[in-house]
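Engineer: Just need the structure, nothing else, for what follows:
(one chain, ligands or ions: 1)
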Amino acid sequence: MFEVQNQPPPLEPYNAFTSDVVLREAVQREGAGWAENELTALGATLGKPETVQLGFDANRFPPQLRTLDRFGHRLDEVEFHPSWHELLGLALKAGLHSSPWSDPKSGAHVARAAGTYLLGQVESGVYCPIAMTYGSVPTLRHAPAIAAEWLPRIFARDYDRRFRPARLKTAALVGMGMTENQGGSDLRTNSTRAQPSADGSFRLYGHKWFMSAPMCDAFLVLAQSPNGLSCFLMPRWTPGGDRNAIQILRLKDKLGNRSNASSEVEFLGAYAQLVGEEGRGIATIIEMGNYTRLDCCIGSSSLMRQAVAQAVHHARHRTAFQKKLIDQPLMTNVLADLALESEAATVLTMWLARAYDEESETAQIIRRVVTPAAKFWICKRTPFFTYEAMEVLGGSGYIEESIMPRLYREAPVNSIWEGSGNVMCLDVLRAVERTARSAEVLRAELDSAKDPRVKSFADRFEKRITAHDRSDERQARALVRELVLALQGSLLVKHAPSNVADAFCASRLAGDGASAFGLLPPGHDMRAIAERAGPAS
Ligand SMILES: Cc1cc2nc3c(=O)[nH]c(=O)nc-3n(C[C@H](O)[C@H](O)[C@H](O)COP(=O)(O)OP(=O)(O)OC[C@H]3O[C@@H](n4cnc5c(N)ncnc54)[C@H](O)[C@@H]3O)c2cc1C
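Structural biologist: The predicted structure follows:
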């Protein structure tokens, strides 16, 4: 038998929070320093080998649809591996599905963002129902009676895996159904019908082409009522205690996100209650969309973080050509470049999360304009990022026993769902156009860095959004890219060590840094930048 040599030890047990310098700094800076102890405990739990294993198991044993029982009665249930339930239980216990609503305080969204960022590094599939439940709360509040009934269940932290009416469970989760076969981005094409009943509720008839986490206890759904497209809450069980008329037709066979079930469903007169004003369904449900879009930023930043932590860890231990990989100059450049991208994504995401904690006009503008912009850019960078990080591990990175293939397969989904790349960029154009003072507020934010490199980029951005052809859709991606890079540059100049900020500005604001990783120009302490991204002991 050959001797195993030159293989790195696994990166576990480790504390996913305390070993992450960038996240810790962001949590302090953005007003959630009070959550350090809880995040430290969560980070320790998530970094245990047995928790890491749960993520692998949940993906190795994907959910199974049970359409009928052995006698032919409809079941429409999805069976998950116990690891899925354990991870969801852990997430609920940490309040990741609702803590900013159940326990509102300054920094609550930031603290919750940090917690979900940690969770996503172990398993991203469970993140889906967590994100949707978190996002559902502001929408549900449009219907005070429904909110009074459902929010206590949503705020509860004792996960209940049983499939039974929500009133009999210790906690409830909420999903959403918007996308239909004929259209997802263009929600006005929704054809599901909502027929009013004498008791004030509605019966839904139609289908949804994507409805993830179908074992959630209720779903926010769009359907055409007599007064136009409206938002409804559709529970899995009727108030009378019967299974609601929701048939799960099949589960999607997905590229990644395999631990999570995404279903195609048909509604055959499903019981539902109106949420918000009839005919204002998109405006009502879009509030949920803002939060889930923030979660896409958190989720993708989290994938990048796990990928770069694994990459630096590997390179610290693996030797090639008589040197540790991290000491091979070209590899140092690649790692440092990945580190910059990851830090920029994390810093922007946590800063954005803070805007959800504040009610000032500035915070509202940041939420409205920067959420879709950050979702576009951060999510767009992640697939390429995870691929490059995988390559740092060489052949072992391509093997399923490492987490890298899972990170890579997971990476595109945040860009596609909740508004794909183009739709996000067009939304930024719309937001800038319709939000008074947005240009001024963004400019002030960029100028606060007092940095000539950021300023010249900010000038470019300002020129675009004040030009007569500023609404040219063909240029929307270019405009959004400029906004995000300028914001990331400004945040790093203000808050990161100068070697990080300088290398970011040199590569992203002046150079060619967005085309491939490992192209940092000389003159930067790349080793220090790479080390900062490595998991600190
Ligand atoms: C894993 C997964 C889980 C999902 N879960 C859910 C769920 O739980 N609930 C739910 O409702 N949906 C869910 N979705 C669906 C998702 O939100 C949609 O797929 C997404 O919104 C895009 O809609 P579409 O697929 O109909 O694509 P389309 O709307 O047909 O868009 C296709 C492409 O065209 C682009 N495009 C659209 N309009 C324009 C335009 N005007 N100009 C330029 N380009 C444009 C889009 O950016 C996109 O790239 C899920 C999707 C995935 C992959």
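Engineer: list the buried ones in the longest helix seen in the chain?
Structural biologist: Longest helix in the chain, counting residues (DSSP state H): helix 281-317. Neighbour-count burial for helix 281-317 flags 281-282, 284-316 (criterion: 16 or more other C-beta atoms under 10 Å). In short, each C-beta sits where N, CA and C put it, glycine included.
Engineer: go on, stretch 271-283?
Structural biologist: Neighbour-count burial for stretch 271-283 flags 271-276, 278, 280-282 (criterion: 16+ other C-beta under 10 Å).
Engineer: and the residue in the stretch 101-250 of the chain positioned nearest to the ligand, what does it touch?
Structural biologist: Relative to the ligand, the nearest point of the stretch 101-250 of the chain is residue 184 (2.2 Å; C-beta to the nearest ligand atom). Residues in contact with residue 184 (C-beta atoms under 8 Å, 6 or more residues apart in numbering) are 178, 209-210.
Engineer: Pretty sure residue 147 sits against residue 141.
Structural biologist: Yes - with contact defined as C-beta atoms under 8 Å, residue 147 reaches residue 141; the gap is 5.0 Å.
Engineer: In contact with residue 115, which residues?
Structural biologist: For residue 115, the contact set (C-beta under 8 Å, 6+ apart) comprises 35, 38-39, 42, 94-96, 99.
Engineer: same deal with residue 426?
Structural biologist: Here residue 426 is in contact with 473, 476 (C-beta under 8 Å, 6+ apart).
Engineer: Distance from the lowest-mean-pLDDT helix or strand in the chain to the middle of the chain?
Structural biologist: Every helix and strand in the chain was compared by mean pLDDT, DSSP states H and E; the lowest is helix 452-466, with a mean of 91. The chain centroid and the centroid of helix 452-466 are separated by 28 Å under C-alpha atoms, centre = their mean, to the nearest Å.
Engineer: what's it packed up against?
Structural biologist: helix 438-447, helix 476-495 (3 or more C-beta pairs under 8 Å, 6 or more residues apart in numbering; DSSP states H and E).
Engineer: Which residues does it contact?
Structural biologist: 432, 439, 442-443, 446-447, 449, 470, 475, 478-479, 482-483, 485-486, 489-490, 493, 505-506, 509-510.
Engineer: Now cross-check those residues against the ligand and list the overlap.
Structural biologist: Among the contacts of helix 452-466, not one lies near the ligand by C-beta under 6 Å from any ligand atom.
Engineer: Going by neighbour count, which of the residues you listed are buried?
Structural biologist: By 16+ other C-beta under 10 Å, the contacts of helix 452-466 give 432, 439, 442-443, 446, 449, 470, 479, 482-483, 485-486, 489-490, 493, 505-506, 509 as buried.
Engineer: Now do stretch 193-201: distance from first to last residue.
Structural biologist: 13 Å (C-alpha to C-alpha, to the nearest Å).
Engineer: nope, stretch 351-362 is what I was after
Structural biologist: Per C-alpha to C-alpha, stretch 351-362 runs 13 Å from first to last residue.
Engineer: now stretch 12-26
Structural biologist: 23 Å.
Engineer: ok so, going back, quick check: buried residues in the least confident helix or strand of the chain?
Structural biologist: So, applying 16+ other C-beta under 10 Å, buried residues of helix 452-466: 453-455, 457-458, 460-462, 464-465.
Engineer: and it with helix 476-495, angle?
Structural biologist: Angle of helix 452-466 versus helix 476-495, following axes from the mean of the first three to the mean of the last three C-alpha atoms, to 10 degrees, is 150 degrees.
Engineer: Per-residue pLDDT of the closest residue to residue 161 other than its chain neighbours, please?
Structural biologist: Excluding its sequence neighbours, the residue lying closest to residue 161 (C-beta to C-beta, 6 or more residues apart in numbering) is residue 85, at 4.6 Å. The score at residue 85 is 98. That number is its pLDDT.
Engineer: Could you count how many residues lie near residue 85?
Structural biologist: 17 (other C-beta atoms under 10 Å).
Engineer: wait, what's in contact with the closest residue to residue 192 other than its chain neighbours?
Structural biologist: Once flanking residues are discounted, residue 192 sits nearest to residue 206: 2.8 Å by C-beta to C-beta, 6+ apart. Residue 206 makes contacts with 180, 190-193, 223, 266-267, as judged by C-beta under 8 Å, 6+ apart.
Engineer: what about residue 206, which SS state?
Structural biologist: strand (DSSP: H, G, I helix; E, B strand; the rest coil).
Engineer: any idea how far residue 189 is from it?
Structural biologist: From residue 206 over to residue 189 the distance is 12 Å, taken as C-beta to C-beta, to the nearest Å.
Engineer: what do those two both touch?
Structural biologist: Shared contacts of residue 206 and residue 189, counting by C-beta under 8 Å, 6+ apart, come down to residue 180.
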